[in-house]
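Colleague: model the following, please.
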Amino acid sequence: MATQDPDEALWLTPAEKEAWTGLVSLVLLLPGRLESPLQHDAGLTLFEYLTLSHISEAPERRLRMSELAYLANGSLSRLSNVVKRFEQRGWVERTPDPGDGRYTLAVLTDDGYDVVVAAAPTHVRSVRELVLDPLTSDDQQALARIAAKLRTRPVDLD
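Modeller: Numbers count the residues shown, from 1 in each chain. Sure, this is the predicted structure:
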């Protein structure tokens, strides 16, 4: 049986390289392009907006902090710092999870809901302009399918 040169596995094929570099350039470009209008219009970072948005869409506008960190693509430590600032502004309250006291819930207040609702049009405009409008419906479905394949969910959140 022939053995493969170990160094051969280190190189991408041209098609793999094109897919990889395309993805990386988007991953690096999009956050700043989505955040700039949010900062200008609403005074929020993209992470802050996503945090508020995910809580606003959850049942009873409450989510476990661990689930919220996953959804917002941040560490629990980073999320805790952001939620602390939100608490100081009166946008979010933290409370023990009545179903399991080991967890903490982030609960969106009415003031916090007002903030995310006011910021949403800016964010949606940017998402449409930068991501959705250039794509066909089939492209959007393919993008969603690919993103679902690549995004892994930690076992402890299942």
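Colleague: helix or strand right after the strand or helix carrying Lys84?
Modeller: Counting by DSSP states H and E, the element that carries Lys84 is helix 76-89. Using DSSP H and E, the helix or strand that follows helix 76-89 in sequence is strand 92-96.
Colleague: so what touches that following strand?
Modeller: For strand 92-96, contacts defined as Cβ atoms under 8 Å, 6 or more residues apart in numbering pick out 52, 55, 62, 65, 83, 86-87, 103-109, 112. Placement of C-beta: from N, CA and C, glycine included.
Colleague: the helix holding Lys84: how far from the chain's middle?
Modeller: Relative to its chain's centre, helix 76-89 lies at 16 Å (Cα atoms, centre = their mean, to the nearest Å).
Colleague: for stretch 85-104, same thing?
Modeller: 20 Å.
Colleague: which parts of this structure are strands?
Modeller: Ranges of strands in the chain, per DSSP state E, are 62-64, 92-96, 104-108.
Colleague: need the winner for burial among those.
Modeller: Of all those, strand 104-108 has the most neighbours on average by mean count of other Cβ atoms under 10 Å, namely a mean of 22.
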